[in-house]
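Student: next comes the sequence, and after it the predicted model I'd like to discuss.
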Amino acid sequence: MTRDLALHLAVILALAGLSMVLPPYHHTNTARILLLAVYAMGYNIAFGYTGLLSLGHALFFGAGMYATGLLTHHGGWSALAALPMGLLAGGALALAIGLLALRTAGVSFMIVTLMFAQAGYLTVMYFTSYTRGEEGFNLARASRVIGPLDLSQDSTRYAVALAIFGAALLGQLVLVRSRLGRVMVAMRENEDRSRMLGYDPFRVKLAALVLSGVYAGTAGAAYGVMFGYVGASFVATQFSILPLLWVLLGGAGTTLGPVLGVALMFYLIDIASSYTTAHLAVIGGALLVLVLFAPRGVLGAVRERWVRWLP
Amino acid sequence: MAAVILSARRLTRHFGGVKAVDGVDLDLHHGEIHALIGPNGAGKTTLVGLLSGRIAMQAGTIILGGEDISRLPAHARVARGIAYTFQITSIYARLSVFDNVALAVQRHSGDLRAGTLAALARVGLDHLADQRAGTLAYGHQRLLEIAMGLALRPRLLILDEPTQGLADAEIATFKTLVRGLVPAATVLLIEHNMDVVMDLAQNITVLNSGQVLATGTPAQIRANPAVQAAYLGG
């Protein structure tokens, strides 16, 4: 077993152990963090490894959440059947948007993805009769059961969230250690050079974006089912910016950066908001400190200074 | 003379009013080292940019091994066997030396680690495999650039001023390396160092103001009065 794999398995095991000792409040928080980390990992595949700065990823998260949510809520599908549809919806939408948006790069790509996400948000608001717009809808408890697993129950939810997180984390490790992963990084670092090594930038970036969309869609689908709520705030612009901040904070282009970033930000907001209503100012300050002193994020700095082999 | 591997006809690329490449014909024969020379601004880099697909052509055709590749994008031409090494070193500075070359090696099947180390060994950089490419000495970065081109196992390798900035000892190593590539591959060499050109090339094409001034063997080019007037300076 390589030390990469050992480290990642240790992280998963530690999180499993944590579930036995955490008080209920933090138990639920951690389950949320794990699913949001899957979303962040998806963002990391596109942004951290491939260099695609998207401002529209909430669309892929929302696609997963709404595909699964609407199918269970209106279509009467079981959670087991509806969850894979969320994954597919995220990937398919990423493919469709990638085909168009990847004709642009840099700032134009940011704007185009932002606009698509805005269109997605407006679509949710337009079909209020189905989505109930801003207010959203709750998923019935009965539809949140997979066989013997009742996802509305705390310990089950944690276990399933951890299983999804673990699969996503190991999948991400395999990806970045693969040949495709190396080419993704090559695109980020020097697209012109990569083209002259025979790689089609469009195809590589499209592949990365689709994988990223699958991650985001999975996270959205699971989040909706596990916490029983589907709402437009998950497709709003702010929810496209969050994964960028998480990944920057934890370390873009590191496999463990996303989960670390989500956890840090989650508790930073949690703690700050118990002291002041201006908690966003605290976040802003934290991000300024980050940009000034560790522009590559926490794990990026760790890798640069101490642990060179960190994937 | 060996079969023609690449045949370009009436290649044209103007930038505004500048006729960078203006109706150039070029034939490369299988297994030869062909040098492309000419004064600064003669259109050499633009011409190889057209051949490799980095720069879009305005007119002309390129036939590689019987196939018309004029309309193929750069990456597809690389896949068909044209490799290009950059004049201004274009390596992945933040990746390891190993990863730089592995990106080229992994286009072919086989043991990636062994193949990459072998490709590095050809230019004598295998002992630096784990180093970050951006921290290499300049001469080593040039060699890494060449190693990446070689690792693609090209049919046609285009070297754009490969000896620029190399020390004499490194140039000697480089010449041995290039001689070892033919006749399995064909080499198109843009070079300012006339000693290297006269030493290596079997054929030379002289460009001037975007047009072919002369083509021939080193002896013919040396004796050509037009070339002497335009370039060699007598």
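Tutor: Here it is on my side, so go on. Just so you know, these numbers come straight off a predicted model, no measurement behind them. Residues are numbered from 1 along each chain as shown, chains lettered A, B, ... in the order given.
Student: now A:Glu304, what's its secondary structure?
Tutor: When classified by DSSP: H, G, I helix; E, B strand; the rest coil, A:Glu304 comes out as helix.
Student: which parts of chain A are helices?
Tutor: A:3-21, A:24-43, A:58-73, A:79-101, A:106-126, A:128-131, A:154-177, A:179-189, A:191-195, A:201-227, A:238-250, A:257-275, A:279-293, A:297-305 (DSSP state H).
Student: kindly apply the preceding question to chain B instead.
Tutor: Going by DSSP H, chain B shows helices at B:44-52, B:74-79, B:97-105, B:112-122, B:138-151, B:168-181, B:194-200, B:218-223, B:225-227.
Student: right, so of those, which gets closest to A:Leu35?
Tutor: Closest approach to A:Leu35 among these (Cβ to Cβ): helix B:97-105, 32.4 Å. All C-beta spots, glycine's among them, are computed from the backbone N, C-alpha and C.
Student: now whichever residue of chain B sits closest to chain A: closest residue in space that isn't a chain neighbour?
Tutor: Residue of chain B nearest chain A, by Cβ to the nearest Cβ: B:Val78 (3.5 Å). Nearest residue to B:Val78, sequence neighbours excluded (Cβ to Cβ, 6 or more residues apart in numbering or on different chains): A:Gly198, at 3.5 Å.
Student: surely the one you found and B:Arg153 touch.
Tutor: No: judged on Cβ atoms under 8 Å, A:Gly198 makes no contact with B:Arg153 at a distance of 10.9 Å.
Student: where does the chain dip in pLDDT?
Tutor: Went with chain A since none was named. A:1 (pLDDT under 70).
Student: wrong one, chain B
Tutor: In chain B (pLDDT under 70), the answer is B:1, B:231-234.
Student: ranking the helices of chain A by burial, who's on top?
Tutor: Of all the helices of chain A, helix A:58-73 carries the top mean neighbour count, a mean of 29, counting by mean count of other Cβ atoms under 10 Å in any protein chain shown.
Student: I'd like to know which elements it is packed against.
Tutor: Contacts defined by 3 or more Cβ pairs under 8 Å, 6 or more residues apart in numbering or on different chains; DSSP states H and E place helix A:58-73 against helix A:79-101, helix A:106-126, helix A:128-131, helix A:201-227, strand A:229-230, helix A:238-250.
Student: the stretch 151-300 of chain A against chain B: which residues are in contact?
Tutor: A:179, A:182-183, A:185-186, A:189-190, A:192-201 (Cβ under 8 Å from any Cβ of the partner chain).
Student: apply 10 Å and report the result again.
Tutor: Within the stretch 151-300 of chain A, the positions adjacent to chain B are A:178-180, A:182-183, A:185-186, A:188-190, A:192-204, A:253 by Cβ under 10 Å from any Cβ of the partner chain.
Student: any figure for the gap between the closest residue to A:Phe165 other than its chain neighbours and chain B?
Tutor: Distances taken as Cβ to Cβ, 6+ apart place A:Leu34 nearest to A:Phe165, at 4.1 Å, with adjacent residues excluded. Look at A:Leu34 and chain B: by Cβ to the nearest Cβ, to the nearest Å, they are 30 Å apart.
Student: doesn't A:Ala167 make contact with A:Leu34?
Tutor: No: counting by Cβ atoms under 10 Å, A:Leu34 sits too far from A:Ala167 to count as a contact (11.3 Å).
Student: mind listing what residue 216 touches?
Tutor: Using chain A. Contact analysis of A:Ala216 by Cβ atoms under 10 Å, 6 or more residues apart in numbering or on different chains lists A:38-43, A:45-46, A:54, A:57-65, A:86-87, A:89-91, A:93-94, A:243.
Student: chain B, not that one
Tutor: By Cβ under 10 Å, 6+ apart, the neighbours of B:Gly216 are B:203-206, B:222-224, B:227.
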